[in-house]
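Student: A predicted structure for the sequence below; I have some questions about it.
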Amino acid sequence: MLALGCELDPDQEVVRTRLEDVPASPSPSTMIVSFLRPPSHAPCTACETVMTVHIVERMASVIPASNSSMRSDRNTYVGKRFVHVKNPYLDSMDEDILYHLDLGTKTHNLPAMFRDVKFVCVGRSPNRMKAFALFMHKELGLEEAEEDIKDICAGTDRYCMYKTGPVLTVSHGMGIPSISIMLHELIKLLHHAQCCDVTIIRIGTSGGIGIAPGTVVITDIAVDSFFKPRFEQVILDNIVTRSTELHKELSEELFNCSKEIPNFRTLIGHTMCTYDFYEGQGRLDGALCSFSREKKLDYLKRAYKAGVRNIEMESTVLAAMCGLCGLKAAVVCVTLLDRLDCDQINLTHDVLVEYQQWPQLLISNFIRQRLGLCD
Ligand SMILES: O=P(O)(O)O[C@H]1O[C@H](CO)[C@@H](O)[C@H]1O
Ligand SMILES: O=c1cc[nH]c(=O)[nH]1
């Protein structure tokens, strides 16, 4: 019998192992083959896939009460839910330099700067996020002068960061590698700053499937290009599979909040996260295209049937990392086109600007509501 070639962290679980599926001579990167399913789920096609790797790192929210090894971890969430890191090496480090944010534990008093943060809003570009921070500043009625809202990461041009009251706004660039680097350092920052009960929301744009452009999709589950609720992270020469479920109550709260905004088109649905904008999203207009229009439409229609309503490029890793580190996460993206109709984004500048404001408006209303600032 093949022994499982790893030691499991309490937060990681091989839910079921199908030894008959293990290749006779597994390569070093296919040491364990298992059949994965988050324990709280009934079996479904989305989860019932034999994968090259094999470990589900469960989100705290899906830990069954009977799992005693996880109970203490879970109990730390009662009352205050701290942001936690899952790295035994961090504690022994004399200093932690958050290189891409130009911040550090020795150079900055992170608790003094950030301990009161309750909401983190992330989005692609420095300009968009600066505009959002200024908008939030106005909406929260903060006394500080607008000119005093400075980019906290000004010492680097990798990302930007603004703090307006309890709201931290950070840019993340395009795609999984870019947002993933930012999230590692942001999560450590929130941890070092002893933040608790933090909600993180990605505000973005996306391509819709079978829905009118301008619709805001609130993601319930982020799925990969195979419509599976998973994020595969290559670690050394293993692929570790992580769950991509987002916070259900949070998405419902956001949806309810959207109902109070006049003429706001919104829905809750699955969001597909890809590694590429062109071939990866089935576009016919990239520099490379090796499939037919029929194949493209067949793929997008299958995605729709699987519950996917929009496509973007960051949601799976955000869901996976935040779920593991005790952050309630949501993804709110407006759709710029219906991919069943076209591939090119041909909106006028004004319409594009208007569409991009919808998610921002929703998030600002949500934060104001949470802070008891609504009329
Ligand atoms: O508008 P943002 O938030 O960047 O979102 C989408 O747009 C970019 C591609 O144009 C990708 O980052 C994708 O996720
Ligand atoms: O089609 C689109 C539009 C915006 N962002 C994407 O990732 N895809």
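Tutor: Yes, it's here. Ligands and ions are numbered 1, 2, ... in the order given.
Student: give the burial count for residue 281, as a bare number.
Tutor: By other C-beta atoms under 10 Å, the residues close to residue 281 number 23. (Each C-beta comes from the backbone N, C-alpha and C, glycine too.)
Student: what strand or helix carries the residue of the stretch 201-350 of the chain found nearest ligand 2?
Tutor: Distances between the stretch 201-350 of the chain and ligand 2 by C-beta to the nearest ligand atom are smallest at residue 207, namely 2.4 Å. Assigning secondary structure by DSSP states H and E places residue 207 in strand 199-208.
Student: now the element after that strand, going C-ward?
Tutor: strand 216-223.
Student: circling back: residues contacting the residue of the stretch 201-350 of the chain closest to ligand 2?
Tutor: 281, 310-312, 335-339 (C-beta atoms under 8 Å, 6 or more residues apart in numbering).
Student: most neighbours among the residues you listed, please name it.
Tutor: Using other C-beta under 10 Å as the neighbour test, those are led by residue 310, with 31 neighbours.
Student: so what's the nearest residue to residue 187 once chain neighbours are set aside up against?
Tutor: Among residues not flanking residue 187 along the chain, residue 325 sits closest, at 4.9 Å (C-beta to C-beta, 6 or more residues apart in numbering). Neighbour list for residue 325: 83-86, 187, 191 [criterion: C-beta under 8 Å, 6+ apart].
Student: sorry, back to before: what is the residue of the stretch 201-350 of the chain closest to ligand 2 paired to in the beta sheet?
Tutor: Taking DSSP bridges, one obtains residue 311 as the residues bridged to residue 207.
Student: for residue 334, see how far away it is.
Tutor: Note on residue 207: its distance to residue 334, by C-beta to C-beta, to the nearest Å, is 11 Å.
Student: by mean pLDDT, point me to the weakest helix or strand of the protein.
Tutor: Within the chain, confidence by mean pLDDT, DSSP states H and E is lowest for strand 16-17 among all helices and strands, at a mean of 28.
Student: helices of this structure, residue ranges please.
Tutor: 68-75, 110-114, 126-139, 176-192, 248-258, 293-305, 315-324, 349-370 (DSSP state H).
Student: single out the most deeply packed of those.
Tutor: helix 315-324 (a mean of 27; mean count of other C-beta atoms under 10 Å).
Student: report pLDDT for residue 78.
Tutor: For residue 78, the model assigns a pLDDT of 51.
Student: so what's residue 102 closest to, chain neighbours aside?
Tutor: Going by C-beta to C-beta, 6+ apart, residue 102 has residue 155 as its nearest residue, at 3.6 Å.
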